[in-house]
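Colleague: generate a structure from the sequence data that follows.
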Amino acid sequence: MERLALFGGEPVRTEPLPTVNNKSGRNIGDEELKLLKEVVESGSLFRHSGKMVSKFEEEFAEFLGVKHAVTSTSGTAALHIATGAIGLGPGMEVITSPI
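Modeller: Numbering: from 1, shown residues only. The predicted structure follows:
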């Protein structure tokens, strides 16, 4: 068995994988930057005070071919939304990742 790169073996890759933590993993163009600037300058950064989140949800639902789409700030928030949407009550069991 070859030695792990961590212990002096040859690395599998020499360039980091693209992620949101480096520019190579981002797909942000002029249109996205324009819309971001519009939101920031409007001062309406939250769902209930602005129009962009609702507009995105409507367009995303249409793209998916469903009646509704709800955005969330994280995967954890999405799990909380989902458990609320199914009417999870006391004593009911749902197995998820830790939240």
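Colleague: give me the residue at the spatial middle of this protein.
Modeller: The centre of the chain sits closest to residue 74, judged by Cα atoms, centre = their mean, with a distance of 6.0 Å.
Colleague: any figure for the gap between that residue and residue 81?
Modeller: 10 Å (Cβ to Cβ, to the nearest Å). Every residue, glycine included, has its C-beta placed from N, CA and C.
Colleague: next one: residue 97
Modeller: Going from residue 97 to residue 81 by Cβ to Cβ gives 15 Å.
Colleague: neighbour count for those two, which is higher?
Modeller: With neighbours defined as other Cβ atoms under 10 Å, residue 97 and residue 81 compare such that residue 81 has more, 13 against 7.
Colleague: where are the low-confidence patches of the chain?
Modeller: The chain contains residues with pLDDT under 70 at 1, 18-26, 99.
Colleague: let's see that with 80 instead.
Modeller: Within the chain, the segments meeting pLDDT under 80 span 1, 16-28, 45-50, 96-99.
Colleague: which residue ranges form the helices in it?
Modeller: Counting by DSSP state H, one finds helices in the chain at the ranges 30-42, 52-64, 75-85.
Colleague: identify whichever of the ones you listed lies nearest to residue 93.
Modeller: Of all the helices of the chain, helix 75-85 sits nearest to residue 93, with 11.0 Å by Cβ to Cβ.
Colleague: still on that earlier bit, look up phi and psi at the residue nearest to the centre of the chain.
Modeller: Here is the backbone geometry of residue 74 (degrees, to the nearest 10): phi -160, psi 170.
Colleague: could you pull up the residues touching it?
Modeller: Applying Cβ atoms under 8 Å, 6 or more residues apart in numbering, we find residue 74 in contact with no residue.
Colleague: gap between it and residue 80?
Modeller: Between residue 74 and residue 80 the distance is 9 Å, computed by Cβ to Cβ.
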